[in-house]
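build me a structure from this.
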Amino acid sequence: MSRVGKNPVALPSGVTAEIKGQSFSVKGKTGSLNITLPDEIDVKVEGSSIVLAPKAKTQRHIMLWGTTKRNIQSMVTGVSVGFSKRLEIEGVGFKAAVQGKDLVLNLGFSHEIRYPVPEGITIKAEKPTTLLISGADKQRVGQVASEIRGYKKPEPYKGKGIKYEGEWIQRKEGKKK
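Model (predicted):
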């Protein structure tokens, strides 16, 4: 049995949940999110909590039970509080700025990189070397952060590039004479 799926998902004040067939939607102060529920799981909104139960006791049903519970928990947290990731840019002349609906990155190439900010995601350049990516959908925030980091991954010799806040880059020793 899934120990994760047994516990109900609490709905904070200001968050509403709605089920229409296999479609589940949550609305809160930071936005609204939808998900298509698997056929193997029963979902019910009871008062200020969401209760999930598998329709059978097979291994697939039980695996989907815990996964669906975590997805719904992530949606509820996203619409009530939101998710954010912070990126740090290291390197001489490397900087970032938000211009309109584009993120402009100068990463030592002969051209600047323009990244269009997706719908539902907010990017702030707190400093020219620090980016804050936030939004209601945890997966999309992580995906956008990963795409931006992919333009110039941190290299192990000088540590130049884009890295997550708190990420430790193992340094290598350079050439010896």
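
hang on, Val4 in a strand?
No. Membership of Val4 in a strand is not supported by DSSP: H, G, I helix; E, B strand; the rest coil, which gives helix.

name the helices or strands packed onto the longest helix seen in the chain?
Secondary structure of the chain per DSSP state H: the longest helix is helix 59-80. In terms of contacts (3 or more C-beta pairs under 8 Å, 6 or more residues apart in numbering; DSSP states H and E), helix 59-80 is packed against helix 3-6, strand 9-10, strand 23-28, strand 31-36, strand 41-46, strand 49-54, helix 138-150. All C-beta spots, glycine's among them, are computed from the backbone N, C-alpha and C.

lowest average confidence across these, which one?
In terms of mean pLDDT, the lowest-scoring of the helices and strands packed on helix 59-80 is helix 3-6 (a mean of 78).

okay, the helices and strands packed on helix 59-80 in JSON lines with mean neighbour count and distance to Glu90 next?
Listed next are these as JSON lines, based on neighbours: other C-beta atoms under 10 Å; distance: least, C-beta to C-beta, whole Å:
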{"stretch": "helix 3-6", "mean neighbour count": "14", "distance to Glu90": "38"}
{"stretch": "strand 9-10", "mean neighbour count": "17", "distance to Glu90": "39"}
{"stretch": "strand 23-28", "mean neighbour count": "18", "distance to Glu90": "35"}
{"stretch": "strand 31-36", "mean neighbour count": "15", "distance to Glu90": "32"}
{"stretch": "strand 41-46", "mean neighbour count": "15", "distance to Glu90": "44"}
{"stretch": "strand 49-54", "mean neighbour count": "18", "distance to Glu90": "42"}
{"stretch": "helix 138-150", "mean neighbour count": "16", "distance to Glu90": "12"}
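
turn those into CSV, including distance to Arg60.
Formatted as CSV, the helices and strands packed on helix 59-80 follow (distance: least, C-beta to C-beta, whole Å):
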stretch, distance to Arg60
helix 3-6, 13
strand 9-10, 21
strand 23-28, 19
strand 31-36, 17
strand 41-46, 11
strand 49-54, 9
helix 138-150, 22
